[in-house]
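*Asks:* structural data only, the sequence is not supplied:
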């Protein structure tokens with residue numbers, strides 16, 4: 001097998017590298033962030049995602065770093081229970097924990113941090129470092145996120161559009177707040193639609209919470225400060241159920257993040273020449289699907305299997321795309337349905353709609 005360059009050391013990049021390592025394929029990872037930069041928040045993993053992750057991690061280590069959720073409980077913003085649904089093997093974990101676990105699979109000499117990679121203008125299918133030197137590889141697997149720089153340079157005609165939903169996300173270390181929560185996925189919905197507050201207990205002292213909001217109704221600048229985000233949360237959620245308002249007021253805002261969501265108007269091909277895309281770099285999924293990590297894991301597994309079985313990388317890429325694209329298109333459709341429901345007043349929404357896309 002030829003030498004492989006992996007661009008990006010997020011969940012997708014570390015997952016594909018873990019599979020490549022498992023099959024003893026020659027690779028090197030290039031990551032633009034610094035080694036100790038583990039920004040990000042958390043993920044929901046349905047049963048299928050756990051099964052794929054368990055192939056490349058020690059489940060006993062993985063399960064100590066996150067939490068299995070028992071039920072999804074849907075509330076009105078005043079605290080009335082609207083619906084409940086038992087959850088089967090749905091796991092929540094922070095991004096930093098999952099990256100740290102996956103990184104254990106990768107020998108230190110096989111990853112370079114603080115290195116930005118770009119396509120070469122003069123040599124088709126080649127990548128170059130920020131100093132202009134070429135990367136010594138025969139093919140490249142790109143996993144540099146939903147707003148992939150490399151994808152945008154290769155597919156110049158793509159249309160990336162903002163979604164009518166943004167999120168404020170926070171992870172807090174607070175044993176008192178965690179002690180009030182059971183191991184449930186709790187989500188509160190405003191009666192007018194377009195505004196929710198979700199709560200996920202990661203451990204006995206760690207909680208992830210997030211607010212999804214209609215960004216045409218609730219205007220927040222992408223450049224706003226931490227203090228502005230904190231004041232916004234205090235103002236908007238002051239009269240919500242005491243569980244919500246107390247968490248908002250008692251939280252530390254050191255890790256708060258405003259996330260503007262984007263999607264491709266139309267999926268690009270998943271590869272061109274000897275460059276192939278996986279995870280969000282291939283197919284950004286809006287967060288309502290809760291399928292971003294699972295899809296990245298399945299991409300990594302499928303692509304590795306085809307690289308191992310096919311002598312021609314292009315044929316491996318073709319089979320990978322043929323296998324994965326139909327399922328991704330289902331999640332994209334489901335995500336748009338969930339977004340449409342979110343924007344409607346509560347009384348017009350489908351009852352007990354679970355915020356996870358299943359194929």
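*Replies:* Yep, it's here. Every value quoted in this text rests on a predicted model; they were computed, and no experiment measured them.
*Asks:* could you use CA atoms for every contact and neighbour count after this?
*Replies:* OK.
*Asks:* distance between the ends of stretch 282-302?
*Replies:* 14 Å (C-alpha to C-alpha, to the nearest Å).
*Asks:* give me every residue that touches residue 203.
*Replies:* Neighbouring residues of residue 203 by C-alpha atoms under 8 Å, 6 or more residues apart in numbering: 65, 66, 67, 178.
*Asks:* now intersect those with the strands, please.
*Replies:* With DSSP state E as the criterion, strands contain 66, 67 from among these.
*Asks:* can I get the contacts of residue 203 in JSON lines including pLDDT and distance to residue 283?
*Replies:* Compiled in JSON lines, the contacts of residue 203 are given as follows (pLDDT from 0 to 100; distance: C-alpha to C-alpha, whole Å):
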{"residue": "65", "pLDDT": "93", "distance to residue 283": "27"}
{"residue": "66", "pLDDT": "93", "distance to residue 283": "26"}
{"residue": "67", "pLDDT": "95", "distance to residue 283": "27"}
{"residue": "178", "pLDDT": "92", "distance to residue 283": "34"}
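*Asks:* low-confidence bits of the stretch 1-150 of the chain, can you list those?
*Replies:* Counting by pLDDT under 70, the stretch 1-150 of the chain contains low-confidence ranges at 1-2, 37-40, 122.
*Asks:* cutoff 80 now
*Replies:* 1-2, 35-40, 121-125 (pLDDT under 80).
*Asks:* before we move on, what about the stretch 151-300 of the chain?
*Replies:* Short version for the stretch 151-300 of the chain, where the test is pLDDT under 80: 221-223.
*Asks:* now the strands: where do they sit in it?
*Replies:* 160-173, 185-189, 195-201, 206-213, 257-264, 271-272, 275-277 (DSSP state E, counting those that start in this stretch).
*Asks:* coming back round to it: can I get the contacts of residue 203 in JSON lines with distance to residue 242 and neighbour count?
*Replies:* Shown next, in JSON lines, are the contacts of residue 203 (distance: C-alpha to C-alpha, whole Å; neighbours: other C-alpha atoms under 10 Å):
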{"residue": "65", "distance to residue 242": "28", "neighbour count": "16"}
{"residue": "66", "distance to residue 242": "26", "neighbour count": "22"}
{"residue": "67", "distance to residue 242": "24", "neighbour count": "22"}
{"residue": "178", "distance to residue 242": "15", "neighbour count": "21"}
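*Asks:* most packed of the strands of the stretch 151-300 of the chain?
*Replies:* strand 275-277 (a mean of 27; mean count of other C-alpha atoms under 10 Å).
*Asks:* that strand pairs with which strands, parallel or anti?
*Replies:* Sheet partners assigned to strand 275-277 using DSSP bridges are listed as strand 139-142 (parallel), strand 271-272 (antiparallel).
*Asks:* would you reformat these as TSV and include distance to residue 215?
*Replies:* Shown next, in TSV, are these (distance: least, C-alpha to C-alpha, whole Å):
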stretch	distance to residue 215
strand 139-142	30
strand 271-272	33
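*Asks:* closest to residue 291 out of those?
*Replies:* Distance to residue 291, taken as C-alpha to C-alpha, is lowest for strand 139-142 among the strands paired with strand 275-277, at 18.9 Å.
*Asks:* show me the contacts for residue 70.
*Replies:* Counting by C-alpha under 8 Å, 6+ apart, residue 70 has contacts 86, 87, 88, 90, 183, 184, 185.
*Asks:* what helix or strand is the first one located in?
*Replies:* Applying DSSP states H and E as the criterion places residue 86 in strand 81-94.
*Asks:* wait, which of the strands of the stretch 151-300 of the chain is closest to residue 3?
*Replies:* Of the strands of the stretch 151-300 of the chain, nearest to residue 3 by C-alpha to C-alpha is strand 275-277, at 12.5 Å.
*Asks:* distance between the strand holding residue 86 and the chain's centre?
*Replies:* Mean-position distance between strand 81-94 and its chain equals 18 Å (C-alpha atoms, centre = their mean, to the nearest Å).
*Asks:* next: stretch 266-281.
*Replies:* 17 Å.
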